[in-house]
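Enquirer: Next come a sequence and a model predicted from it.
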Amino acid sequence: MELQRKSGHMSSALALCLTLGLQATVVAAPLARSATSETSSVGQPGWSTVQQIVQTFKTAARSGHDPARHQAAQFAALARFIDYKQIASRTLTASEWQSLNGEQRRELAATIRTLVENRYYPRWQKIFGSGHVAFLRETKSKGDLLVATNLHLGLKDDPLNWQLSSDGTRPRLISLSINKKDLLGTLRSRVEAHQCKGGYPAMIAWLKGKSKSGISGGEVDGTASGALASGDDVADDRAIPLKGIPAAILRAATKSGGLID
């Protein structure tokens, strides 16, 4: 009997050790993965640009400054990280872009910039000012940098991918995509019909009309949107934690149209 009791105690102790060891392994595994992901984000030039963009929108959403007074500064700060010339050239086919003269190319790039600023910036400010963007990986394809991130918004996670040019001193944004919708694809589909029907004059007239009727900022949890953007460098953190999210923004984001439509 005494031998059986000792054997039972040893079996219980062994089972406890095995259980604790298994729990320690389960806990350690995600920690190891997290450390690996965080290390891989260090020194990634494309991710650094993405951080700057998100930080600029986050600062604007939180600062509460008068948007009318500080909008120009915010737009100028973001223009450092967005390649509107590349966006304009890739919105058209190669032959269409080559057919434009220098003045037309500059006009197209400037018009697309105004369209993106008026239509998309307010949405991006609300979403990035209320969400959480985490680095996944960075790769290179056909001369562009591709940065894969995760956008956590409310109770929803979506893969958010960034495409950046890499031919300058700093990578600059060309497109971003979420839920099978991307900025370049949306712009292409909207100018194609006008380009085919009336050439450059019809296309640029339509773009200018749309750029003047962009969506205005509004408020996020009582904080005025369009506030002063920060041009400061952002620490190379893996994730950028941001503030709480209104229900209306969550509804927009879950339809994937909050960023791109």
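Expert: Sure, I can see it.

Enquirer: now the helices: where do they sit in this protein?
Expert: Defined through DSSP state H, the helices belonging to the chain, from first to last, are 2-41, 45-63, 67-79, 84-91, 94-99, 102-119, 121-128, 183-212, 247-254.

Enquirer: Please parse this structure into its domains.
Expert: Under the assignment automatic domain parsing, the domains of the chain span 1-41, 44-254.

Enquirer: And those domains, which one averages the lowest pLDDT?
Expert: Mean pLDDT across the domains of the chain is lowest at domain 1-41; the value there is a mean of 43.

Enquirer: Check the gap between Arg190 and Ala76 for me.
Expert: Remark: distance between Arg190 and Ala76 (Cβ to Cβ, to the nearest Å) = 26 Å. The C-beta positions use only the backbone N, C-alpha and C, and glycine is treated the same way.

Enquirer: number of nearby residues for the residue nearest to Arg188 when sequence neighbours are not counted?
Expert: Counting by Cβ to Cβ, 6 or more residues apart in numbering, Thr91 is the residue found nearest to Arg188 once chain neighbours are left out, at 5.5 Å. The number of residues packed near Thr91 is 25, by other Cβ atoms under 10 Å.

Enquirer: Over to Arg80?
Expert: Per other Cβ under 10 Å, the neighbour tally for Arg80 reads 14.

Enquirer: With Thr186 instead?
Expert: A total of 17 residues lie near Thr186 under the criterion other Cβ under 10 Å.

Enquirer: Check the one 10 residues further on too.
Expert: Other residues near Cys196 come to 11 when the count uses other Cβ under 10 Å.

Enquirer: Next: the one 5 residues further on.
Expert: Counted with other Cβ under 10 Å, residues neighbouring Pro201 total 10.

Enquirer: Check Gly199 too.
Expert: By the other Cβ under 10 Å criterion, the neighbourhood of Gly199 contains 12 residues.

Enquirer: can you tell me how far it sits from Val116?
Expert: For Gly199, the distance to Val116 - Cβ to Cβ - is 23 Å.

Enquirer: what's the answer for Asn150, then?
Expert: Taking Cβ to Cβ, one finds Asn150 at 23 Å from Val116.

Enquirer: Among the two, which residue is more densely surrounded?
Expert: Using other Cβ under 10 Å, the more surrounded residue of Asn150 and Val116 is Val116, with 21 against 15.

Enquirer: show me what contacts the more buried one?
Expert: By Cβ atoms under 8 Å, 6 or more residues apart in numbering, the contact set of Val116 is 82, 84, 87, 183.

Enquirer: Nice, that's everything, thank you.
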